[in-house]
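Chemist: model the following, please.
(chains A, B and C)
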Amino acid sequence: MITHVQGELPLAVVEGSPLTQLPEDLYIPPDALEVILDAFEGPLDLLLYLIRRQNLDIVQINVAEITRQYMGYISLLEAMRFELAAEYLVMAAMLAEIKSRALLPRPVGADEDEEEDPRAELIRRLLEYEKVKMSAEILDELPRIDRDFRVAEAQKPEIDERTAPPVVDLSELVLAFGELLARARLSSAHQIEWEPLSTRQRMSEVLMKLRDRAELTLSDLFSADEGKAGVVVSFLAILELVREGLCALIQAAPGSQIYIRRASQDV
Amino acid sequence: MSDIDLKRILEGALFASREPMSIYQMKKLFGDQKAPTEGMLREALMSLAEEYQDRAVTLVEVAGGFRFQVIDALAPYLLNLTDEKPGKYSRATLETLAMIAYRQPVTRGEIEAVRGVAVNTQIIRTLEERGWITVVGHKEVPGRPALLATTTQFLNDFGLKSLEELPNAEDLVAAPADDLLDQLDNQSE
Amino acid sequence: MSDIDLKRILEGALFASREPMSIYQMKKLFGDQKAPTEGMLREALMSLAEEYQDRAVTLVEVAGGFRFQVIDALAPYLLNLTDEKPGKYSRATLETLAMIAYRQPVTRGEIEAVRGVAVNTQIIRTLEERGWITVVGHKEVPGRPALLATTTQFLNDFGLKSLEELPNAEDLVAAPADDLLDQLDNQSE
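Modeler: Numbering: from 1, shown residues only, chains lettered A, B, ... in the order given. Here you go, the predicted model:
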């Protein structure tokens, strides 16, 4: 049985001496919530960090304090990523249960083997997770294609390929884009307005022309036989290219020729 | 550089590169270190070419620079490897192509942002090799990512006179039940 | 076949192919002609590997077969050529991949149970599109969840011949586990 259940419970025992206050670098202010959620892969990961890096002894962990900290985050979590909060809450509940069991005296004569110590279950889970975590690190360190090594290839001789390349029907392409839009619309919080296709196409065309020549006069981009609509599209495309930082407009003096050039010349 | 000799570095780089390598790119291999001169590079390339004289690959100079090439005599053998039935593009490939067609000019990062999944280099390469997309420039943001756009061949192959003829995909978004489930699935994450 | 020797044919075919070449494919090179036996092929490959011993490329065997790859020592030079950094995967992605690699076949629910957090659909899709994992069946429990496993391409891309070559993480964690359980025992006495 655990004997020191009341009063100043040490948070941790570091090299034999009890620690009753959290080290400063360990305390996580509520406004750093996002940082925690990004830095840790979940409650198991956070607990592992506390235990391994800070020498917290899992057997003596101050469950009440940890639970209090967890609860403090809930209101903030509600406004943000609640699914994650739920996972952290489940862990808090489990810790609380372990704590409460430790406080309750065991019924005399109860078969010790009947009832599993909840701490054993937690430790089992922590260790299992730690294995996965280390496996992930091992995997990441293995030499990987295109990051650590490259396949050696040489140009093939001209062959009359017997294989026709895959055929794509226009409807397949449109459908793929429709699905993509539907997915993106639901998963992203913000909606981006896009230029009409004609403008996007003209943007590509302007960039393509600038690939061969470093600089063009603005009038090179307007063609009389496209009519008014064509001029408007070209104009919008140029404005958009400048806005996105893809091109720059240059004019030596007011009223003189306007040039358009790539934002950078070293391509 | 001293521990691996120049010839070996060029040999590895030429085999690692899918495009012919220019002298400029060969110099780039050395990063901040002192790059060898063009004379040194050409000398090493000559000596390398000699080493490969009786092999199944030869070092050749083409318009864009130097590359290793499998000798023509092997063409009949390689032909035996090709399959006769045409394959199919993956959903990832189609979605990437659709993003480029509808949102061009677009960077890989922008495609990834909408798709929510990393775009595999292989997909871009497949579409480039097919002649449907091309790099039209670079975006002036850190990393200078390539700007991708569709080509005239893309329009030809899909029977379009211009991109404006691409059907409006937005109309399709009011979608069948399957999609809806998919959407819900995504949303609950 | 007689005019070009077997070793040269294999050399050229290996350099012509982006994917590792299996013994089966090597036999296919000879079409209707009498193909060499596996023994002959392996012998030629051994001798070819020797020829490339001190070069910038080396012949390796992975799960999918044989391929030439550029030696690791050249990686820093090659890195200077590209602006694009090679893809980095998030910890969540790597942990999911690790679960699948080490525990396969495994369901998403099982991964979630061990990791203690939900597995994002996008992580699964990223790994599927990368060609590293695939659905190999469905578990006969309510909901029939998909069973995930790694692919041959996963092994190829990590330079492995088989899953057994994966370094064992279990050994690394064994010691601390004993510690903790010991402490637990002492406490409850």
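Chemist: counting neighbours, what do you get for residue 137?
Modeler: By default, I'm working from chain A. Here the number of neighbours of A:Glu137 (other C-beta atoms under 10 Å in any protein chain shown) works out to 15. (Each C-beta comes from the backbone N, C-alpha and C, glycine too.)
Chemist: wrong one, chain B
Modeler: Residues lying near B:Gly137 (other C-beta under 10 Å) number 25.
Chemist: and for the one 5 residues further on?
Modeler: As a burial measure, B:Pro142 scores 7 neighbours (other C-beta under 10 Å).
Chemist: ditto for the one 4 residues further on
Modeler: Counted with other C-beta under 10 Å, the neighbours of B:Ala146 add up to 19.
Chemist: in terms of helices and strands, where is the residue nearest to B:Leu29 when sequence neighbours are not counted?
Modeler: In space, and not counting its chain neighbours, B:Leu29 is closest to C:Tyr77: 4.6 Å by C-beta to C-beta, 6 or more residues apart in numbering or on different chains. C:Tyr77 belongs to helix C:75-79 when assigned by DSSP states H and E.
Chemist: could you point out the helix or strand that follows that helix?
Modeler: Counting by DSSP H and E, what follows helix C:75-79 is helix C:91-103.
Chemist: so how far is that following helix from its chain's centroid?
Modeler: For helix C:91-103, the separation from the chain centroid amounts to 13 Å (computed by C-alpha atoms, centre = their mean, to the nearest Å).
Chemist: please save the CA atoms from it in PDB.
Modeler: Output of helix C:91-103 as PDB, limited to C-alpha atoms (Å, rounded to 0.1, in the frame of the first residue of the first chain):
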ATOM      1  CA  ARG C  91       5.900  12.500 -36.200                       C
ATOM      2  CA  ALA C  92       2.300  11.500 -36.400                       C
ATOM      3  CA  THR C  93       2.900  10.100 -39.900                       C
ATOM      4  CA  LEU C  94       6.100   8.300 -38.900                       C
ATOM      5  CA  GLU C  95       4.400   6.800 -35.900                       C
ATOM      6  CA  THR C  96       1.500   5.600 -38.000                       C
ATOM      7  CA  LEU C  97       3.900   4.100 -40.500                       C
ATOM      8  CA  ALA C  98       5.900   2.500 -37.800                       C
ATOM      9  CA  MET C  99       2.700   0.900 -36.300                       C
ATOM     10  CA  ILE C 100       1.900  -0.500 -39.700                       C
ATOM     11  CA  ALA C 101       5.400  -1.700 -40.500                       C
ATOM     12  CA  TYR C 102       5.900  -3.400 -37.100                       C
ATOM     13  CA  ARG C 103       2.400  -4.600 -36.400                       C
END
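Chemist: that helix near chain B at all?
Modeler: No: contact of helix C:91-103 with chain B (C-beta under 8 Å from any C-beta of the partner chain) is absent, the minimum separation being 9.2 Å.
Chemist: next, the buried residues of that helix.
Modeler: By 16 or more other C-beta atoms under 10 Å in any protein chain shown, the buried positions in helix C:91-103 come out as C:91-103.
Chemist: can you tell me what sits against that helix?
Modeler: A:41, A:132-133, A:135-140, C:89, C:106, C:110-111, C:114-115, C:117, C:119-120, C:123-124, C:126-127, C:132-133, C:148-150, C:154, C:163, C:166, C:169 (C-beta atoms under 8 Å, 6 or more residues apart in numbering or on different chains).
Chemist: quick check: longest helix of chain A.
Modeler: helix A:118-141 (DSSP state H).
Chemist: is that one anywhere near chain C?
Modeler: Yes: using C-beta under 8 Å from any C-beta, helix A:118-141 reaches chain C at A:119-120, A:123, A:125, A:127-140.
Chemist: kindly format the C-alpha coordinates of that helix as CSV.
Modeler: The C-alpha coordinates for helix A:118-141 follow below in CSV (Å, rounded to 0.1, in the frame of the first residue of the first chain):
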residue,chain,number,x,y,z
PRO,A,118,-4.9,0.5,-13.0
ARG,A,119,-1.4,1.8,-12.8
ALA,A,120,-0.2,-1.4,-14.5
GLU,A,121,-2.5,-0.8,-17.4
LEU,A,122,-1.3,2.8,-17.7
ILE,A,123,2.3,1.7,-17.6
ARG,A,124,1.6,-1.0,-20.1
ARG,A,125,0.1,1.6,-22.5
LEU,A,126,2.9,4.0,-21.9
LEU,A,127,5.5,1.4,-22.7
GLU,A,128,3.7,0.2,-25.8
TYR,A,129,3.5,3.7,-27.0
GLU,A,130,7.1,4.3,-26.3
LYS,A,131,8.0,1.4,-28.5
VAL,A,132,6.0,2.8,-31.4
LYS,A,133,7.6,6.2,-30.8
MET,A,134,11.1,4.7,-30.9
SER,A,135,10.2,2.6,-34.0
ALA,A,136,9.2,5.8,-35.7
GLU,A,137,12.5,7.3,-34.9
ILE,A,138,14.3,4.2,-36.2
LEU,A,139,12.3,4.3,-39.4
ASP,A,140,13.1,8.0,-39.9
GLU,A,141,16.8,7.3,-39.5
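Chemist: for chain B, list the residues in contact with chain C, please.
Modeler: Going by C-beta under 8 Å from any C-beta, the residues of chain B near chain C are B:4, B:8-9, B:11-13, B:15-17, B:25, B:28-31, B:55-57, B:68, B:70-71, B:73-74, B:76-81, B:90, B:92, B:116-118, B:120, B:143-145, B:185-186, B:189.
Chemist: quick check on these: which are buried?
Modeler: By 16+ other C-beta under 10 Å, the residues of chain B next to chain C give B:4, B:8-9, B:11-13, B:15-17, B:25, B:28-30, B:55-57, B:68, B:70-71, B:74, B:76-78, B:80-81, B:90, B:92, B:116-118, B:120, B:144-145, B:186 as buried.
Chemist: before we move on, what SS does the residue positioned nearest the centre of chain B have?
Modeler: Nearest to the geometric centre of chain B sits B:Arg125, at 3.2 Å (C-alpha atoms, centre = their mean). B:Arg125 falls in the helix class when you classify it by DSSP: H, G, I helix; E, B strand; the rest coil.
Chemist: now it: closest residue in space that isn't a chain neighbour?
Modeler: Nearest-residue entry for B:Arg125: B:Arg18, 7.7 Å, with adjacent residues in sequence omitted and distances by C-beta to C-beta, 6+ apart.
Chemist: phi first, then psi, for that neighbour.
Modeler: phi -90, psi -20 (degrees, to the nearest 10).
Chemist: just confirm it contacts A:Glu153, I think it does.
Modeler: Yes: in this structure, B:Arg18 is within contact of A:Glu153 by C-beta atoms under 8 Å, at 6.4 Å.
Chemist: can I get the buried part of the contacts of helix C:91-103 as one ChimeraX selection?
Modeler: The buried residues among the contacts of helix C:91-103 can be selected in ChimeraX (16+ other C-beta under 10 Å) with this line:
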select /A:41,132,133,135,136,138,139,140 /C:89,106,110,111,114,115,117,119,120,123,124,126,127,132,133,148,149,150,154,166,169
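Chemist: return only those of the contacts of helix C:91-103 found close to chain B.
Modeler: Applying C-beta under 8 Å from any C-beta to the contacts of helix C:91-103, those adjacent to chain B are C:120, C:126.
Chemist: strands of chain B, residue ranges please.
Modeler: In chain B, the segments counted as strands under DSSP state E are B:57-62, B:65-70, B:106-107, B:133-138, B:146-150.
Chemist: dump those to CSV, plus distance to chain A and mean pLDDT.
Modeler: Formatted as CSV, the strands of chain B follow (distance: least, C-beta to the nearest C-beta, whole Å; pLDDT from 0 to 100):
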stretch, distance to chain A, mean pLDDT
strand B:57-62, 5, 93
strand B:65-70, 4, 94
strand B:106-107, 8, 93
strand B:133-138, 4, 91
strand B:146-150, 4, 93
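Chemist: gap between the closest residue to A:Arg262 other than its chain neighbours and B:Phe154?
Modeler: Nearest residue to A:Arg262, sequence neighbours excluded (C-beta to C-beta, 6+ apart): A:Leu210, at 5.0 Å. Per C-beta to C-beta, to the nearest Å, A:Leu210 is found 20 Å from B:Phe154.
Chemist: cool, B:Arg8 as well?
Modeler: 41 Å.
Chemist: tell me where the model's unsure across chain B.
Modeler: For chain B, the stretches flagged by pLDDT under 70 are B:1-3, B:84, B:169-189.
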